[in-house]
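[1] got a predicted structure plus its sequence, pasted below:
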Amino acid sequence: MKSMKKCVVTKEKISKSIKLDKRRSNRRRSSAGMFYTSSAGAVTSLICFGNQKMLSRTRVAPARRHGRSALILGRNLRNVLYSIFLITLPVLFVHQAHATASTLTISVTDSVALNITSINSTGTFATSDTSTNNISIKTTNGTGYTLGIKASTEGSNALNGANSTSIPSHTVSAGISEATYSTDSTYNNTWGYRPSKLNSTANSNYLPGPTSASTAITLDKTTSANPTSANNYNLAIGVRVDGNTAAGAYSNTFIITVVANPSIYSITYNKNTTDTVSNMPTNVVNQETSSETVTLANNTPTRTGYTFQDWCTVQVADGATCTGTAYSPGSTWTIDQTASTNSLTLYARWKASTNKYCTNWSTCMQNTTSTKPACGSTMTDGRDGATYTTATIGSKCWMTQNLRFTGDELKIDETNIDEDKNLTWDDLTNGSIEGTPCWGYGSVFVTSNIRGDGYTKPCKHDSNDTSTGVWYNYAGATAATITGISNSATANYSICPKGWRLPTDNEQSSIQSQTTTYSPIYGGYYTNGNLNEASTRGLWWSSTAYSSFVRNRLYYAEGSLVTYFGAARYEGLYVRCVRDS
């Protein structure tokens, strides 16, 4: 909050009206305010800068500040004249981005005057005109507003004279009734103000002037909008003087504040299933905010066998499109500031995950969270329910059985790919002659006239034996991401489960001495429709290119593991995945 700055003397019309309108804009809310004070006739005014949070949410043209009190005291044998109290209205420049913001209209009379034409021996009391309402407020804000008053200078509430003297405010915190003020000389040479309401209750006492410039005294706090019928208030000034008060002009300035009451909102998060759901956000009930938007909980719920999509304002079935408004975790919701309350019910929208075979997420290979299964345990591939033994070799977690996945629908939340895709498989046995889908020509030793669909077509052959697994050509092993005759790119994607990948050549080299832990098997490899060396060889793909059409591989023969300089990509080898660290 900025402090009041030095005021500049001007003259303006006695009565002003300010309308603050909440409309669509792209400006942000500011805590600065601009104020103008004005007066009539010989009463001077102030142009000052101050700050209060106002009900309106949009920047407006410079608004008027109202609120200087002035006492002109002439002392002689004939009369004394008093002219007292102008009130000050601060206005904020703020931001509004939606048409559901509220409006505030406030009219304030610039001056409140009184006259004393004679002083008797025991002192004379006078008060300003109380027949006219000098503050009038309308608002569409659903929770109303708070009207208050505060000092313009911290710690001071005296009427200060040009003659270097002052008239202090009386000090009775509960206020003084007019009957007491007008008859009791105890209160000579003091002043007070009388609001028609104090703490939202009708008031008839004269209170001591406010001394805090930072905290306003609450005059009225409404709880609902009043867009058509204005709430009217009267703010009167009372003064009691005797002949001991020096003649001269006395003045003070106070600030009338109008503050938007916070909006009230509730948010209900519905899991939209009878299944157990973890990490659900906590419901919000009757919270208050002065902001135009509310940030939703950042929690992402989890449900076994399903993937959370978003929050939807309409309840829909699993896999269905949101027919209402969709919100992601941590996004913002714009509230209606004209409503008395704002309520939002959000339903979790789910999509069945193809990891549905993971009935126990703590053993699922696709679980990459902090609760992922420990290496060395038997894990389940959520795509088909196949289980695999694992082992830590060096610093990596390896599958110690050959991959057996044969599905054609690959999903990004279950497979090591960057987008959903469908594979059209062919069988490695369908490659015996040129022109068949899985045939190819070329090797480490044959490097010219390379050709064949087996470099591009995903091919596999299932042994239907859990101990043997499935042979894949390289297009199949890489989920059709490495295809074509000439392609030396590293295979970053594969048909390994999500969170797992093809090992690099260096990683395969690092486990050559770990034959027992790796548990290799013989089974041979496929070339142009034929299974070769089934009882003497075992071969596994790596992600590393040896050349544009040959890949490095891990080779098992005669009881030993070695890395070998390559296999042509149309050939069928085994796959063992390593967990991505």
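    In hand now; what should we look at? This is a predicted model, so every value here is computed, not measured. Residues are numbered from 1 along each chain as shown.
[2] every contact and neighbour count from this point should use C-alpha atoms.
    Will do.
[3] where does pLDDT dip in the stretch 251-400 of the chain?
    Applying pLDDT under 70 to the stretch 251-400 of the chain picks out residues 353-354.
[4] what about the strands in it?
    Per DSSP state E, counting those that start in this stretch, the stretch 251-400 of the chain carries strands over the ranges 263-270, 284-289, 293-295, 306-312, 326-327, 332-334, 342-352, 379-380, 387-388, 390-393, 396-399.
[5] pick the most buried one from those strands.
    Among those, strand 379-380 has the highest mean neighbour count (mean count of other C-alpha atoms under 10 Å), at a mean of 26.
[6] contacts for it?
    Residues outside strand 379-380 that contact it (C-alpha atoms under 8 Å, 6 or more residues apart in numbering) are Tyr357, Cys358, Thr363, Cys364, Met365, Pro373, Ala386, Thr387, Tyr388, Thr389, Thr390.
[7] let's go with 10 Å and repeat that
    For strand 379-380, contacts defined as C-alpha atoms under 10 Å, 6 or more residues apart in numbering pick out 355, 357-367, 372-373, 385-390, 399, 497.
[8] backbone torsions only: list them for Tyr518.
    phi -70, psi -20 (degrees, to the nearest 10).
[9] does it touch Gly376 like I think?
    No - with contact defined as C-alpha atoms under 10 Å, Tyr518 does not count as touching Gly376 (11.4 Å).
[10] which residues are in contact with each of those two?
    Common neighbours of Tyr518 and Gly376, using C-alpha under 10 Å, 6+ apart, are Thr390, Ala391, Thr392, Ile393, Trp398, Met399, Thr400.
[11] for the closest residue to the fifth one other than its chain neighbours, give me phi and psi.
    This points to Trp398. Computed as C-alpha to C-alpha, 6 or more residues apart in numbering, the closest residue to Trp398 that is not its neighbour in sequence is Val578, at 4.5 Å. For Val578, the backbone dihedrals are phi -120, psi 140 (criterion: degrees, to the nearest 10).
[12] hmm, back to that, quick check, nearest of the shared contacts of Tyr518 and Gly376 to Thr424?
    Met399 (25.7 Å; C-alpha to C-alpha).
[13] quick check: closest non-adjacent residue to that closest one.
    Using C-alpha to C-alpha, 6+ apart and skipping the chain neighbours, the partner closest in space to Met399 is Thr390 (4.5 Å).
[14] and for Gly123?
    Gly123 sits nearest to Asp242 (C-alpha to C-alpha, 6+ apart), 4.2 Å away.
[15] from Asp184, how far off is the one you found?
    12 Å (C-alpha to C-alpha, to the nearest Å).
[16] give me the element Thr180 is part of.
    If you go by DSSP states H and E, Thr180 is part of helix 178-183.
[17] buried residues, stretch 482-492. List them.
    Ile482, Thr483, Gly484, Ile485, Ser488, Ala491, Asn492 (16 or more other C-alpha atoms under 10 Å).
[18] next one: stretch 505-524
    Those would be Asp505, Glu507, Gln508, Ser509, Ile511, Gln512, Tyr518, Pro520, Ile521, Tyr522, Gly523, Gly524, for stretch 505-524 by 16+ other C-alpha under 10 Å.
[19] wait, isn't the fifth one in contact with Thr400?
    No - the pair Ile511 and Thr400 does not pass the contact test of C-alpha under 10 Å, sitting 12.0 Å apart.
[20] common neighbours of these two, please.
    Residues touching both Ile511 and Thr400 (C-alpha under 10 Å, 6+ apart) are Thr517, Tyr518.
[21] rewinding a little: quick check, nearest of the buried residues of stretch 505-524 to Asn286?
    Nearest to Asn286 out of these is Glu507 (C-alpha to C-alpha; 56.9 Å).
[22] if I look at the closest one, how far off is Thr544?
    Taken as C-alpha to C-alpha, the span from Glu507 to Thr544 is 10 Å.
[23] the nearest residue to Arg194 once chain neighbours are set aside sits in which helix or strand?
    Nearest residue to Arg194 in three dimensions, chain neighbours excluded: Tyr206, at 4.4 Å (C-alpha to C-alpha, 6+ apart). In the assignment (DSSP H and E), Tyr206 maps to strand 205-206.
[24] so what strands line up beside the helix or strand following that strand?
    Downstream of strand 205-206, the first helix or strand assigned by DSSP H and E is strand 217-221. The sheet places strand 217-221 alongside strand 145-151 (antiparallel), with pairing taken from DSSP bridges.
[25] just to revisit the earlier point, columns distance to Val316, pLDDT and secondary structure on top of the buried residues of stretch 482-492, output as CSV?
    What follows is the buried residues of stretch 482-492, written out as CSV (distance: C-alpha to C-alpha, whole Å; pLDDT from 0 to 100; DSSP: H, G, I helix; E, B strand; the rest coil):
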residue, distance to Val316, pLDDT, secondary structure
Ile482, 39, 98, coil
Thr483, 41, 97, coil
Gly484, 44, 96, coil
Ile485, 47, 95, coil
Ser488, 46, 96, coil
Ala491, 39, 97, coil
Asn492, 37, 97, coil
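[26] which of the residues you listed sit farthest apart?
    Distances among those were taken as C-alpha to C-alpha; the most separated pair is Ile485 and Asn492, at 18.2 Å.
[27] dump the residue contacts of Ala545.
    Ala545 neighbours (C-alpha under 10 Å, 6+ apart): 487-491, 504-505, 551-553, 565-567, 569.
[28] can you check Ser509 too?
    Counting by C-alpha under 10 Å, 6+ apart, Ser509 makes contact with Pro503, Arg553, Leu554, Leu561, Val562, Thr563, Tyr564.
[29] apply 7 Å and report the result again.
    Listed by C-alpha atoms under 7 Å, 6 or more residues apart in numbering, the contact set of Ser509 reads Thr563.
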